[in-house]
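1. Next input, structure requested:
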Amino acid sequence: MLSNARFEARIPTQDLARARRWYAEKLGLEPVEERPGGLRYEGAAGVFCLFASAGASDGSFTQMGFYVDDIEAAVAGLRARGVVFEEYDGAVNGIMDIEGNYPSKGRGERAAWFRDSEGNMLGIAEIVP
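-> The predicted structure is shown next:
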């Protein structure tokens with residue numbers, strides 16, 4: 001029924017203006033569209049929207065991920081912009097090596113996580129072929 005549908009992520013915000021500034025300043029992302037209570041962002045292969053919400057994520061799980069070609073460079077660039085990465089046992093410079101992946105995605109991933117201005121957990125990853 002939905003196998004041909006396009007997918008988009010929705011990320012809740014308590015303060016949409018604050019989130020917009022954070023995504024621009026920290027991630028270098030600007031919305032491609034806006035409407036009252038919402039901002040729409042497009043990447044090379046995906047879409048997400050920030051929306052004003054009375055509810056909030058508890059931040060205990062990854063809500064959205066970004067795939068990059070060079071995770072060390074991406075983490076360094078984001079840190080230079082003030083992004084604070086989560087620290088986990090086994091991580092090196094905030095980056096975890098993860099064994100196993102979907103067969104079409106290689107044999108593993110290298111990943112790091114951070115929270116946005118609203119406490120939403122976001123991930124960044126590089127595929128290990």
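2. For the residue nearest to Arg40 when sequence neighbours are not counted, grab the count of nearby residues.
-> With sequence-adjacent residues excluded and distances taken as CB to CB, 6 or more residues apart in numbering, Arg40 is closest to Glu33, at 4.2 Å. For the C-beta atoms, the positions are set from N, CA and C on the backbone; glycine is no exception. Per other CB atoms under 10 Å, the neighbour tally for Glu33 reads 11.
3. separation between Glu33 and Arg20?
-> 12 Å (CB to CB, to the nearest Å).
4. what packs against the lengthiest helix in the chain?
-> If you go by DSSP state H, the chain has its longest helix at helix 16-27. The contact analysis (3 or more CB pairs under 8 Å, 6 or more residues apart in numbering; DSSP states H and E) places helix 16-27 against strand 38-43, strand 46-52.
5. List of residues touching the longest one?
-> To tie it back to what came earlier, the one meant is strand 46-52. Contacts to strand 46-52, defined as CB atoms under 8 Å, 6 or more residues apart in numbering, come from residues 6, 8-14, 16, 19-20, 23, 31, 37-41, 64.
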